[in-house]
Each structure stands twice: as C-alpha cells, then as structure tokens.
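Please work out how this folds:
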Amino acid sequence: MADARETNLMLLVLSGTFVVLVGLDLISDYSDGGSRTHLILEGLLLAISGAVFGWGIKQLSQARQKIESLQIDVEKLDEEKEQWKGETHQLLAGLSVKIESQFAHWQLTPAETEVGFLLLKGFSLKEIADIRNTKLKTVQQQSQAIYQKTGLASRSELAAFFLEDLLPPTH
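This next block holds a predicted model:
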C-alpha cells in the first residue's frame, strides 16, 4: 500500500511539473510569436494535463478524507472494545463470585472448589493434576466428590448448571 501511495504521489508531482512546464512553454511560444496551430495544440495539452493534475488532487483529497474517516471508525471501535472488555470483565467477575457462592452452598472443600473451577474452564483431569501438583487419582476422587455433592453426573452437567440461564432459550 505504501508503494502505491508513493507511486501516486510521484505521478501527481510529475503531472504538476508537466503542467507548469507546458504552461511556461506556451507563454514562451506566444511571446516569440509561435504559430496559431502550435499554440492551440500546446493549449490543449495544457488543459488535458491540468485536468489530470486536478483529478489527481481530487483523488488525493478524497483518499485523505477516507483515511480520516477510517481512523475515526477505528478509534470508535477501540473505545467500544474497551467498554465491552470492561463490561465483560465485570460480568465474569460477578459470575465467578456466583459460582464460588454456589460451590460454598454445595459445601465443596477449597480443593474441590479449585478443581471445580478448572473443570469449568475445560482442563482435562491430567491437566488439573499438573496445575495443582497432585496425582491424577486425587483429582479423579475430587471430581467424583463434586459430582456427588452437586447431584450432577458430569462435567457437561456442571457447566450447563451455570450456563443455561446465560444462554438464550431454544425455540
């Protein structure tokens, strides 16, 4: 894109230079008493090159306006993104508090609560064992204790317990 801009700018400078040179030549030829046909041809050449130069200036102006408009759009999108991130962060923090509150209601131990959060985040039992520096068998027992205390049968039921009210109903 930078190459195209440089090329367009160079063409604009060259066409402007050409307009000036043709104009100076036309003035010189007129002063020297050049033929009428020659002056008309150079006048046409001046008009055409001037029109091309004017068109280039107009295109450049439109491109700058478009760039400014796009920059404003990007700034608005950045503001919306930051607002959305802030709102999402608040919602997720609130959801985390609600989940922790529900875990306390189910009387999960601190270790089971940690495993429960990791299960909801989608970690495998092996990954949870690695994260917590415990044995896989321990994590399996803790996850079974979670399912027994909650009355839920699986990780998907545990996730669904918290997500079903967040998602729109199916028709």
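
Using the record's assignment, carve this structure into domains.
In terms of domains, the chain is parsed into 1-85, 106-171 (source: automatic domain parsing).

could I get the ones you listed as a markdown table with mean pLDDT and distance to Ala93?
The way it works is simple: take the backbone N, C-alpha and C, and place the C-beta from them, glycine included. Formatted as a markdown table, those follow (pLDDT from 0 to 100; distance: least, Cβ to Cβ, whole Å):
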| stretch | mean pLDDT | distance to Ala93 |
| --- | --- | --- |
| domain 1-85 | 86 | 12 |
| domain 106-171 | 92 | 13 |
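
just the ones you listed: most buried one?
domain 106-171 (a mean of 14; mean count of other Cβ atoms under 10 Å).

Return the distance of the longest helix along the chain from the chain's centre.
In the chain, with assignment by DSSP state H, the single longest helix is helix 36-105. Relative to its parent chain, helix 36-105 has a centroid offset of 12 Å by Cα atoms, centre = their mean, to the nearest Å.

and what of stretch 97-115?
With Cα atoms, centre = their mean, you get 37 Å for stretch 97-115.

Same check on stretch 158-171?
29 Å.

Contacts only, for Glu112.
Glu112 makes contact with 103, 142, 145-146, 149, according to Cβ atoms under 8 Å, 6 or more residues apart in numbering.

re the thing from before, possible to save the domains of the chain as TSV with distance to Val97?
Below are the domains of the chain laid out as TSV (distance: least, Cβ to Cβ, whole Å):
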stretch	distance to Val97
domain 1-85	19
domain 106-171	12
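
Quick one: closest of these to Leu91.
Ranking the domains of the chain by proximity to Leu91 (Cβ to Cβ) places domain 106-171 first, at 9.2 Å.

returning to what we had before: out of the contacts of Glu112, the closest to Glu80 would be?
Using Cβ to Cβ, those come closest to Glu80 at Phe103, 33.9 Å.

How about the closest one, nearest residue that isn't a chain neighbour?
Thr113 (4.6 Å; Cβ to Cβ, 6 or more residues apart in numbering).
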